[in-house]
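> no sequence for this one, just the structure:
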Ligand SMILES: [Zn+2]
């Protein structure tokens, strides 16, 4: 009998790895490492930066631009937005998120927790989940630890995130502790539900719980210890880049790095600026995502190997040079700063496409440099160079 989809054999049990992580080289003086993350939709070289495709699209770029021209191996999509529109059942009915958005490589979806707390109105948090009001039409919805796993399984995500409570900054230790205990309860519920669901699903999906604890090292450590007991395929560190000073974000990563199992990938959520990427890698981080390259591109801020270019500046009016002469992207091969400035000032949509392509290329190039430096044993030198140039360059 003809089947539209191949059935993968054998059926995988939840206690077997859903993704495999191989460490190929480690830096002898920092915690940096480079490796391969094998997912159901391809192998990813780590450390990796994941461009953000909030609405199942990286704004301004086609999937061909991303996969073929830029070589992106993994994208992040947003459960909150895709849950509200077009909805998990619609996406499941259309063959899952990969087929819906025509994306051949891996997809990580966040749990929606962060957006519920930052975007939606009328939130009511209970131990069972969170009731929230859609920012689109005011309709009421509930996210539970179980329902967000179900939504992400309907999407067919390669990496699923657990629902977490992400506090603002700053909050009191008492508030952070309560919030953390809730996140831990939710993680256990999500993990139990995920294990039960996987028993009936032939495809593979990894689940990452999220370390929280605001800016308190003792809570961060408690969080990492409790989540490590779940023995998941990877771990995320959340609640960073919520307005805290950057040294504090780094301290929070350091607080948990030696607790999280060294043989699993670690994902720092929502970071960072170009000069910060190597800092996270030096602290044992393997995966990062951020809207900065795409959002800043649209706002006229372009990242280069020589620092930032704010394209609207009058000094670029007659500038025939590319954004970055060291950049291999199509935008830099074909267009001048003067032309891009003109497109930006005229509000042309081509500007967003060209600028985003360049900024994403810049982030991917930084990650390539970092991986190469770890492999060749020169990562400490690379980090020193980044630190000495970042103050004036970024
Ligand atoms: Zn470029």
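Here it is on my side, so go on. The shown structure was predicted, so the numbers you read here are calculated from the model rather than taken from an experiment.
> Alongside the ion, which residues does this protein contribute?
By C-beta under 5 Å from the ion, the residues of the chain that approach the ion are 327, 329, 331, 332, 358. For glycine as for every other residue, the C-beta is placed from the backbone atoms N, C-alpha and C.
> Helices - which of the residues you listed land there?
331, 332, 358 (DSSP state H).
> Just name the closest of these to residue 145, please.
Nearest to residue 145 among those: residue 358, at 39.3 Å, using C-beta to C-beta.
> Contact partners for the residue lying closest to the closest one once chain neighbours are set aside?
Spatial nearest neighbour of residue 358, excluding adjacent residues (C-beta to C-beta, 6 or more residues apart in numbering): residue 331 at 4.3 Å. Contact partners of residue 331, counting by C-beta atoms under 8 Å, 6 or more residues apart in numbering, are 322, 323, 340, 354, 355, 357, 358, 361.
> Tell me how many other residues surround the second one.
Around residue 323 there are 26 other residues, counting by other C-beta atoms under 10 Å.
> show me the contacts for residue 156.
Counting by C-beta under 8 Å, 6+ apart, residue 156 has contacts 92, 96, 97, 98, 107, 203, 205.
> out of those, who's nearest the ion?
residue 107 (25.2 Å; C-beta to the ion).
> if I pick the closest one, what's in contact with it?
Residue 107 touches 41, 74, 75, 76, 77, 97, 98, 155, 156, 157, 158, 159, counting by C-beta under 8 Å, 6+ apart.
> next SSE after the one helix or strand it maps to?
Using DSSP states H and E, residue 107 falls within strand 106-109. Sequence-wise, the next helix or strand downstream of strand 106-109 (DSSP H and E) is helix 113-118.
> Point out the other helices and strands that that following helix packs with.
Where contact means 3 or more C-beta pairs under 8 Å, 6 or more residues apart in numbering; DSSP states H and E, helix 113-118 is packed against helix 79-84, strand 129-133.
> tell me the mean pLDDT for it?
The predicted model assigns helix 113-118 a mean pLDDT of 86.
> ok, residues contacting it?
Contacts of helix 113-118 (C-beta under 8 Å, 6+ apart): 78-81, 123, 130, 132, 143, 148, 163-166, 168, 210, 238, 269-270.
> quick one: buried residues of that helix?
Under the neighbour-count criterion of 16 or more other C-beta atoms under 10 Å, helix 113-118 has 113, 114, 115, 116, 117 buried.
> again with stretch 134-144
134, 141, 143, 144.
> And it, end to end?
From its first residue to its last, stretch 134-144 covers 15 Å (C-alpha to C-alpha, to the nearest Å).
> that older thread, buried stuff in the strand holding residue 107?
Along strand 106-109, these residues count as buried under the neighbour rule (16+ other C-beta under 10 Å): 106, 107, 108, 109.
> Quick check: mean pLDDT of that strand?
The model assigns strand 106-109 a mean pLDDT of 98.
> Distance from it to the middle of the chain?
9 Å (C-alpha atoms, centre = their mean, to the nearest Å).
> So what are the sheet partners of that strand and their directions?
Sheet pairing of strand 106-109 (DSSP bridges) gives strand 74-77 (parallel), strand 159-161 (parallel).
> Using a markdown table, lay out those together with mean pLDDT, mean neighbour count and distance to residue 314.
Below are these laid out as a markdown table (pLDDT from 0 to 100; neighbours: other C-beta atoms under 10 Å; distance: least, C-beta to C-beta, whole Å):
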| stretch | mean pLDDT | mean neighbour count | distance to residue 314 |
| --- | --- | --- | --- |
| strand 74-77 | 98 | 24 | 36 |
| strand 159-161 | 98 | 28 | 44 |
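> give me the residue from the stretch 151-300 of the chain nearest the ion.
residue 297 (10.5 Å).
> which SSE is the closest residue to that residue other than its chain neighbours in?
Take residue 297 and drop its neighbours on the chain: the residue closest to it by C-beta to C-beta, 6+ apart is residue 355, 3.8 Å away. Residue 355 belongs to helix 349-376 when elements are defined using DSSP H and E.
> What residues sit buried inside stretch 80-89?
Buried residues in stretch 80-89 (16+ other C-beta under 10 Å): 80, 81, 82, 83, 84, 88.
> mind listing what the fourth one touches?
Going by C-beta under 8 Å, 6+ apart, residue 83 touches 112, 141, 143, 151.
> Which residue, other than its chain neighbours, is closest to the residue nearest to the spatial centre of the chain?
Among the residues of the chain, the one closest to the centroid is residue 289, at 3.0 Å (C-alpha atoms, centre = their mean). Using C-beta to C-beta, 6+ apart and skipping the chain neighbours, the partner closest in space to residue 289 is residue 50 (4.2 Å).
> before we move on, what about residue 187?
That would be residue 209: by C-beta to C-beta, 6+ apart, it lies 4.3 Å from residue 187.
> Please report phi then psi for the one you found.
Dihedral pair for residue 209: phi -80, psi 170, per degrees, to the nearest 10.
> Correct me if wrong: it contacts residue 232.
Yes: under the criterion of C-beta atoms under 8 Å, residue 209 is in contact with residue 232, at a separation of 5.8 Å.
> the more surrounded of those two?
Using other C-beta under 10 Å as the criterion, residue 209 and residue 232 rank with residue 209 on top: 29 against 23.
> hmm, back to that, rounded mean pLDDT for the helix or strand the residue nearest to the centre of the chain falls within, please.
Taking DSSP H and E as the criterion, residue 289 maps to strand 287-290. For strand 287-290, mean pLDDT rounds to 98.
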